[in-house]
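Enquirer: one predicted model, sequence on top.
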Amino acid sequence: MKRFTCGELVEVITAYLDDALDQPSRAGIEVHLSCCEDCGHYVDQFRSTIRALGDQPPEKLSHGTRERLMSAFRSRRPA
Ligand SMILES: [Zn+2]
């Protein structure tokens, strides 16, 4: 099973939310989310943003929206 760092997780989160990852990667993300509160909050935020935009698959988010979410994540203070 792949182990994700916080930085790696953000790079694949849209694929994860879009069900585009293989099973080992999904499992690795779920393990990370279950023990990293910070990333859990980030994913929640990402999901609610997607919902607010009208249930679009993450891959269809505009480039600007995705970049905004990702840069918010990248610029947060290290846990
Ligand atoms: Zn994390």
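Expert: Received it, and whenever you're ready, just let me know what you need.
Enquirer: the protein against the ion: which residues are in contact?
Expert: Residues of the chain found near the ion, taking Cβ under 5 Å from the ion as the criterion, are Cys6, Cys36, Cys39. C-beta: built from backbone N, CA, C; applies to glycine.
Enquirer: can you pick the most crowded of these?
Expert: Of all the residues of the chain next to the ion, Cys39 has the most neighbours under the rule other Cβ atoms under 10 Å, reaching 21 neighbours.
Enquirer: who's in contact with it?
Expert: Cys6, Leu9, Val10, His32, Leu33 (Cβ atoms under 8 Å, 6 or more residues apart in numbering).
Enquirer: can you pull the contacts of the first one?
Expert: Neighbouring residues of Cys6 by Cβ under 8 Å, 6+ apart: His32, Cys36, Asp38, Cys39, Ala79.
Enquirer: any chance of the contacts of Cys39 in a markdown table, with pLDDT and secondary structure too?
Expert: Formatted as a markdown table, the entries for these read as follows, by pLDDT from 0 to 100; DSSP: H, G, I helix; E, B strand; the rest coil:
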| residue | pLDDT | secondary structure |
| --- | --- | --- |
| Cys6 | 92 | helix |
| Leu9 | 91 | helix |
| Val10 | 87 | helix |
| His32 | 96 | helix |
| Leu33 | 95 | helix |
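Enquirer: quick check: Val43 touching Ile13?
Expert: Yes. The pair Val43 and Ile13 qualifies as a contact (Cβ atoms under 8 Å) at a distance of 6.6 Å.
Enquirer: who's more crowded, these two?
Expert: In this view Val43 and Ile13 are compared by other Cβ under 10 Å, and Ile13 has more residues nearby, 24 against 20.
Enquirer: any idea which element Ser71 lies in?
Expert: Ser71 is located in helix 63-74, with elements delineated by DSSP states H and E.
Enquirer: how about low-confidence regions in the protein?
Expert: Judged against pLDDT under 70, the low-scoring parts of the chain cover residues 56, 58-59, 76-79.
Enquirer: which one's the longest helix in it?
Expert: helix 37-52 (DSSP state H).
Enquirer: mind listing what's buried in that helix?
Expert: Residues of helix 37-52 classed as buried under the neighbour-count rule (16 or more other Cβ atoms under 10 Å) are Cys39, Tyr42, Val43, Phe46, Thr49, Ile50.
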